[in-house]
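Asks: what would the 3D arrangement of this be:
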Amino acid sequence: MASGSMKAMASGSTPDPERLDSIVPDPCPLRMPKTGTGAESLPEFLPLGHRPTMRTLRSALNNLVLGRLVVDVESIPEVPLNQEKCCQACIDRLCVMLLLPIGVVLHGRPCWVMTVRSASVMTCTVLWAACLYSAITRGSTGWERSSRWLHVSEATANLILLLLKACSVSFHEFNSHVKEAMQSQNMGPSPKSAIKRHILVIMACLTWWMIGHVAKVRLVAMSGGQMTWQVAVLPCLQWLYRAAWVLWLLRLNEFVNELVDAFCRSCASTPEGVDLAYIRWARISALVGQITRHCQTVYGVVCVTALTGGVAPIAEIFMPCSSSQSIDWMLPQLTASIAAFWLMAYVVASAAALTEKCKKAASFVNSLQACLPGQGRAEIRRLVGYMESSESGIFFGGSKLDLSLYSKLRYLTFSASVCLAVRFQTLPEKHKDQLAEQWGRFLHALAVWE
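Replies: The predicted structure is shown next:
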């Protein structure tokens, strides 16, 4: 039998494609189009002469593939000017304004981009210095003092993050590639409605936070405290930075969602074009890889600051200090931390949905085998294997942000909420009365009972 196989190989005959696919992958290189791929000039773009690590090579390859993303986006015809388009123009202007605090400019000349970037860094530096000065000079004790230093740590994290992104050449190249790809693609109604939903969620969280902030300012005035610009302005600037980073993450996730949908539509319309499908998925995988590289620090800052913001007010409720100082700061701070937590949960859910969509894209392409002959099925199986091996998705700290991880986080949140609710029932009646009185002052500051 072995001699028969050797004779078959010597005579130049090849086994059946399906049988070959079930034994070993095709060793032949993929047939890539000769125009627009750049595969023939790949070595000169990679830093092979400086003994690079695998991570450096992967990053360089992703940048190379991402630079050709503009030619791959699917164009949708423009719709006539109407009320919906006017609304979309307002949403676009709002996105532009919300992204200015982190130095991301969607439209404009390079000189304008550099000006906005420098102004954002200077503003964030002034915010950090003002937070530090306020925490040092204002007389506070107990958990209120801890809350002020948590604000300083949040301002420090925002400043470090902004400096890292402002000084990163690769981050600016990544933003440039994504901006050009977004501008070259007229997004359909589904992504536009998703952007509107993201803006609505961000504005709702900002409104919820503003309610607590107004109450805080009025409580300071009612207690005869000193009204300074740090009390009124600094929290607003910190929340603008949080909203800007969240919007930037959501826009990236929505753009990848649109590319995955376009990839699935292309595979469904021309299932025989497997070679082009490889190129399209390589670009999607490169984009998701660059998002993970540049955004996992942003995810970390958004999540950590949202979780630590509620430590001080919750500790004041369940472990009150013995000092007789007013706790008017507690409920406004708790309100702000709840808004930050919901915003964090929303952006993490968006990342988990994107990872799950990349996983389901391979399942969708695999289902196309029912419409193809034997040879086409073998090609589709190899494509599905390539898509699954690419591990496309958002990663944080080496763990993939998928729906399984998100479900575990929701379970932990629910368990912690139940534990806090049970613990609240066991508080002394005197402390409950004090909290009820504080709740009444909080409502009075909002003019609910007037």
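Asks: all contacts plus neighbour counts: C-alpha atoms, from now on.
Replies: Noted.
Asks: any idea how far A204 lies from N253?
Replies: 20 Å (C-alpha to C-alpha, to the nearest Å).
Asks: how about the helices in the stretch 151-300 of the chain?
Replies: For the stretch 151-300 of the chain, the helices defined by DSSP state H, counting those that start in this stretch cover 169-184, 189-222, 229-269, 274-308.
Asks: now mean neighbour count too, for the ones you listed, in a markdown table please.
Replies: As requested, these are exported to a markdown table (neighbours: other C-alpha atoms under 10 Å):
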| stretch | mean neighbour count |
| --- | --- |
| helix 169-184 | 16 |
| helix 189-222 | 17 |
| helix 229-269 | 18 |
| helix 274-308 | 20 |
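Asks: tell me the first helix or strand C-terminal of the strand or helix carrying T355.
Replies: In the assignment (DSSP states H and E), T355 maps to helix 330-367. Later in the chain than helix 330-367, the nearest helix or strand by DSSP H and E is helix 374-389.
Asks: list the buried residues for that next one?
Replies: 376-384, 387-388 (16 or more other C-alpha atoms under 10 Å).
Asks: contacts for the next helix or strand after that helix?
Replies: Next along the chain after helix 374-389, taking DSSP H and E as the criterion, comes strand 395-396. With C-alpha atoms under 8 Å, 6 or more residues apart in numbering as the test, strand 395-396 has contacts from 292, 296, 299-300, 401.
Asks: try 6 Å
Replies: Strand 395-396 has contacts (C-alpha atoms under 6 Å, 6 or more residues apart in numbering) with 292, 296, 401.
Asks: same list (those) but as CSV, adding pLDDT and distance to H213.
Replies: What follows is the contacts of strand 395-396, written out as CSV (pLDDT from 0 to 100; distance: C-alpha to C-alpha, whole Å):
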residue, pLDDT, distance to H213
T292, 90, 34
Q296, 90, 29
L401, 88, 32
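Asks: can you list those residues in a markdown table and add distance to L343?
Replies: Converted to a markdown table, these look like this (distance: C-alpha to C-alpha, whole Å):
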| residue | distance to L343 |
| --- | --- |
| T292 | 19 |
| Q296 | 16 |
| L401 | 16 |
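Asks: among these, find me the one that's closest to Y346.
Replies: Using C-alpha to C-alpha, L401 is the member of the contacts of strand 395-396 that lies nearest Y346, at 12.9 Å.
Asks: residues contacting the closest one?
Replies: Applying C-alpha under 6 Å, 6+ apart, the residues near L401 are 352, 394-395.
Asks: who wins on neighbours among these?
Replies: With neighbours taken as other C-alpha atoms under 10 Å, the top of those is I394, carrying 27 neighbours.
Asks: dump the residue contacts of it.
Replies: Contacts for I394 (C-alpha under 6 Å, 6+ apart) come out as 292, 355, 400-401.
Asks: for V347, state which of those residues is nearest.
Replies: L401 (11.0 Å).
Asks: quick check: closest non-adjacent residue to that closest one.
Replies: Spatial nearest neighbour of L401, excluding adjacent residues (C-alpha to C-alpha, 6 or more residues apart in numbering): A352 at 5.0 Å.
Asks: what pLDDT does that neighbour get?
Replies: pLDDT for A352: 94.
Asks: from L132, how far out is it?
Replies: 36 Å.
Asks: what two of the buried residues of helix 374-389 are the furthest from one another?
Replies: Taking every pair in the buried residues of helix 374-389 and measuring C-alpha to C-alpha, the maximum separation is 18.4 Å, between G376 and E388.
Asks: burial count for V365?
Replies: For V365, the count of nearby residues is 19 (other C-alpha under 10 Å).
Asks: quick one: it and E258, what's the gap?
Replies: Distance from V365 to E258, by C-alpha to C-alpha: 16 Å.
Asks: and what of S118?
Replies: Separation of S118 from E258 (C-alpha to C-alpha) stands at 32 Å.
Asks: what do you get for L132?
Replies: In this view, L132 and E258 are 43 Å apart by C-alpha to C-alpha.
Asks: before we move on, back to that, mind putting the contacts of L401 into TSV with distance to K196?
Replies: Below are the contacts of L401 laid out as TSV (distance: C-alpha to C-alpha, whole Å):
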residue	distance to K196
A352	19
I394	22
F395	26
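Asks: specify which member of the residues you listed is nearest to F442.
Replies: A352 (36.4 Å).
Asks: so what's the closest one up against?
Replies: Counted by C-alpha under 6 Å, 6+ apart, A352 has contacts 401-403.
Asks: check I211 and give its pLDDT.
Replies: 88.
Asks: where does pLDDT dip in the stretch 301-450 of the chain?
Replies: Per-residue confidence for the stretch 301-450 of the chain (pLDDT under 70) gives these ranges: 322-325, 448-450.
Asks: and if we set it to 90?
Replies: Regions of the stretch 301-450 of the chain meeting the criterion pLDDT under 90 cover residues 309-313, 315-333, 359-384, 388-393, 395-402, 405, 427-450.
Asks: cool, and the stretch 51-200 of the chain?
Replies: Along the stretch 51-200 of the chain, segments meeting pLDDT under 90 span 51-121, 123, 126-152, 154-155, 158, 165-197.
Asks: neighbours around F442, how many?
Replies: For F442, the tally of surrounding residues (other C-alpha under 10 Å) stands at 22.
Asks: what do you get for F414?
Replies: Look at F414: counted by other C-alpha under 10 Å, it has 12 neighbours.
Asks: name the element it belongs to?
Replies: Assessed by DSSP H and E, F414 sits inside helix 403-425.
Asks: after that helix, next one along is what?
Replies: That would be, after helix 403-425 and using DSSP H and E, helix 429-445.
Asks: turn the contacts of A352 into CSV, including distance to L287.
Replies: Putting those into CSV (distance: C-alpha to C-alpha, whole Å) gives the following:
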residue, distance to L287
L401, 16
D402, 17
L403, 20
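Asks: closest to S153 among the residues you listed?
Replies: For the contacts of A352, the nearest to S153 is L401 (25.6 Å; C-alpha to C-alpha).
Asks: separation between the closest one and L412?
Replies: Computed as C-alpha to C-alpha, the L401 to L412 distance reads 16 Å.
Asks: give me the pLDDT for T297.
Replies: 91.
Asks: so what's the residue count around the closest residue to it other than its chain neighbours?
Replies: Excluding the flanking residues, the one nearest T297 by C-alpha to C-alpha, 6+ apart is L161, at 7.7 Å. By other C-alpha under 10 Å, 15 other residues sit near L161.
Asks: how near is L161 to Q238?
Replies: 13 Å.
Asks: just V104 next, same as before
Replies: V104 is 17 Å from Q238, by C-alpha to C-alpha.
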